[in-house]
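structure for the following, please:
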Amino acid sequence: MDDADRSETDSSAFIPIFVISLPDCTDRRERIARHLNDLSLPFEFVDAVDGRDDLPADCESLVDRDRTASTPGGPLSDPEIACSLSHLQACRRMADLGIPWALVLEDDAIPSPDLPGYLRSRHFEAFDLVSLFYSKTYVHPRSGARTPLEGYRSFPCEPGVPVRGACAYVISEAGARHLLAKALPVASVADWPDCTETFKAGKRWHLVHPRLVEHKRRHEDRETSIIGRGRNRRKRRFLGVYVPPFAKIAASCKAKIDYRARGLRKLDWGNAT
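Numbering: from 1, shown residues only. As a prediction, the model looks like this:
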């Protein structure tokens with residue numbers, strides 16, 4: 001049974017779910033469809049922008065090439081730019097249809113069995129952005145609050161602290177419109193443009209912990225990250241091992257010292273340590 005076969009009653013229990021996926025990635029589409037069907041979650045695919053062999057010509061006006069060439073991690077690859085544009089397509093869908101909230105998933109997402117319960121809880125309605133998957137971020141341990149879903153807590157994202165991962169998130173219509181207004185032309189990766197700092201300042205961006213969605217890592221599934229293929233081509237390597245630029249290492253160390261001084265702790269998969 002796929003999303004087209006679900007009853008109207010079942011569909012009305014959940015917010016729209018948009019799965020970003022390239023049209024020809026049939027294996028990935030079948031895998032995510034199987035996960036969501038097993039959870040009785042209705043969904044629809046949003047065709048991703050294809051940047052594997054250069055960015056489509058009609059997308060160039062939506063990209064700030066000067067700024068993408070000077071990002072801290074090096075020039076953005078076309079797959080990375082296409083990923084950002086794909087997420088903004090989902091935002092455009094929300095804005096055009098007046099959808100109050102939607103769950104956006106990438107097609108390598110692995111949802112938890114608890115995801116339907118979270119969506120039914122409507123916890124996300126208090127915020128503009130709720131990340132259900134994330135990595136490498138820091139929070140204030142005492143800022144967490146219980147969610148209606150037993151065993152899960154919600155932490156506000158801290159200003160100036162990066163949040164990695166756009167594999168799964170719930171976004172409001174207001175949040176989607178903000179991204180459309182401020183994140184175009186594209187000048188950064190999908191996770192996340194600078195304009196999302198506004199959400200952090202107003203405590204309108206939260207993380208649900210533990211994560212409600214996982215995804216395969218590149219070493220577990222070489223097909224998983226199309227974006228990673230472009231990113232890996234621009235990484236410096238020594239004897240096959242990635243070596244970050246010294247400036248990046250120094251900036252990371254400085255940031256961690258600052259986070260500790262602010263009383264922040266790394267949000268690991270199991271707890272804030």
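
report the central residue of the chain.
A centroid search over the chain (CA atoms, centre = their mean) returns Ala166, at 0.9 Å, as the residue closest to the centre.

ok so Pro42 is a strand residue?
No. Per DSSP: H, G, I helix; E, B strand; the rest coil, Pro42 lies outside any strand segment and is coil.

report pLDDT for it.
We have a pLDDT of 97 for Pro42.

burial count for it?
By the criterion of other CB atoms under 10 Å, Pro42 has 21 neighbours. In short, each C-beta sits where N, CA and C put it, glycine included.

look up how far Ala183 lies from Arg122.
26 Å (CB to CB, to the nearest Å).

the two - which one has more neighbours?
When Arg122 is set against Ala183 and neighbours are counted by other CB under 10 Å, the residue ahead is Ala183, at 22 against 11.

do you know the pLDDT at the residue nearest to that one when sequence neighbours are not counted?
In this structure, Ala183 finds its nearest non-sequential neighbour in Pro193, 4.2 Å apart by CB to CB, 6 or more residues apart in numbering. What the model reports as pLDDT for Pro193 is 93.

tell me the spacing between Pro193 and Leu180.
11 Å.

same check, this time on Arg265
Taking CB to CB, one finds Arg265 at 34 Å from Leu180.

direction included, what does the helix or strand hosting Ile110 pair up with?
With secondary structure defined by DSSP states H and E, Ile110 is part of strand 109-111. Here strand 109-111 has these sheet partners by DSSP bridges: strand 213-215 (antiparallel).

just for the protein, where's the confidence low?
The chain contains residues with pLDDT under 70 at 1-12, 73, 217-244, 269-273.

now the strands for it?
Remark: strands assigned in the chain by DSSP state E are 17-21, 44-47, 101-106, 109-111, 129-131, 138-139, 145-146, 153-156, 168-172, 205-209, 213-215, 237-238, 241-242, 265-266.

within the sheet, what are the partner strands of the first one, with directions?
Put plainly, it is strand 17-21. strand 44-47 (parallel), strand 101-106 (parallel).
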